[in-house]
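*Asks:* let's see this in three dimensions:
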Amino acid sequence: MSLPSDGLGVLFYLALIVPGVVFISVRAQFRGFRDVDRSVGARILLAFVVSAVFDAVYVASIGPLVATRGAELTAGEVGTLGWLFVLLAILVPALVSWIVYGGGPLLRPLHEIAGKLRRKITDSRYEGTPTAWDLVTTTTEAGWVRVRLADGVWVGGRFGNSSYFSTYPEPRDLFIQEQFVMSEDGDFGEPLPLSGGVWVAVRDDYLVEWIHDPMEEKETNVSQR
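*Replies:* Here you go, the predicted structure:
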């Protein structure tokens, strides 16, 4: 296959792959790496498929206009076409990927509506998230976490924006940004002096609990009245 030599041909050539590459790259940033993200062949194939979807929409909407102009494009119109490529091949796929896979309170109502609509249409409770661990760690709003180790000892603390967790297919682990002294019953005490956080590799015989801040829950209930 010969490569295009003119600018317009190069843009069309890049349009075959760039939207998909941008989409799956942004997706990996928000939902973490999955098995498909580890295989170069699978990623290339998926990028082509996703690009084909975006390109089909673009061809149906602006294809006739571009085809009509064709080689008659002026220098100014070629520059405009370049910015259009940035918009349609990079910004739009990134935005769509963020809407579909991003998190936070801004997108949560949209995801809930989409989930209800999907369950209503398909009558299925299937969840695309690979494990319950991934679902909880990526959606919880709890500000505290505690882990009961196999020997009954508790480890826990503040689970905030500086905390970290692994996702599938990596082994489960947690970084708790601020460690607290824990009682034998798992109650939180005072912050551990000079704590810079604590890392916990979560084994199958460990128990992990996420806990909401009582004061935050109280303020939420008062605001909802």
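*Asks:* end-to-end on stretch 167-174?
*Replies:* End-to-end distance of stretch 167-174 (Cα to Cα, to the nearest Å): 10 Å.
*Asks:* check which residues of that stretch are buried.
*Replies:* 167, 168, 172, 174 (16 or more other Cβ atoms under 10 Å). Quick note: C-beta positions are derived from backbone N, CA and C, even for glycine.
*Asks:* is residue 165 in contact with residue 174, as I believe?
*Replies:* Yes: using Cβ atoms under 8 Å, residue 165 is in contact with residue 174, at 5.3 Å.
*Asks:* wait, isn't residue 180 in contact with residue 193?
*Replies:* No: using Cβ under 8 Å as the test, residue 180 is too far from residue 193 to be in contact (10.8 Å).
*Asks:* name the strands paired with the helix or strand harbouring residue 179 and say parallel or antiparallel.
*Replies:* Residue 179 belongs to strand 178-182 when assigned by DSSP states H and E. Strand 178-182 sits in its sheet next to strand 154-158 (antiparallel), strand 188-191 (antiparallel), going by DSSP bridges.
*Asks:* ok, which of those strands comes nearest residue 203?
*Replies:* strand 154-158 (12.4 Å; Cβ to Cβ).
*Asks:* and whatever helix or strand comes next after the closest one, what other elements does it pack with?
*Replies:* For strand 154-158, the following helix or strand on the C-terminal side (DSSP H and E) is strand 164-165. Using 3 or more Cβ pairs under 8 Å, 6 or more residues apart in numbering; DSSP states H and E, the elements in contact with strand 164-165 are strand 173-176.
*Asks:* and the contacts of the strand it packs on?
*Replies:* Defining contact as Cβ atoms under 8 Å, 6 or more residues apart in numbering, one finds that strand 173-176 is touched by 145, 147, 155-159, 163-166, 197-202, 208.
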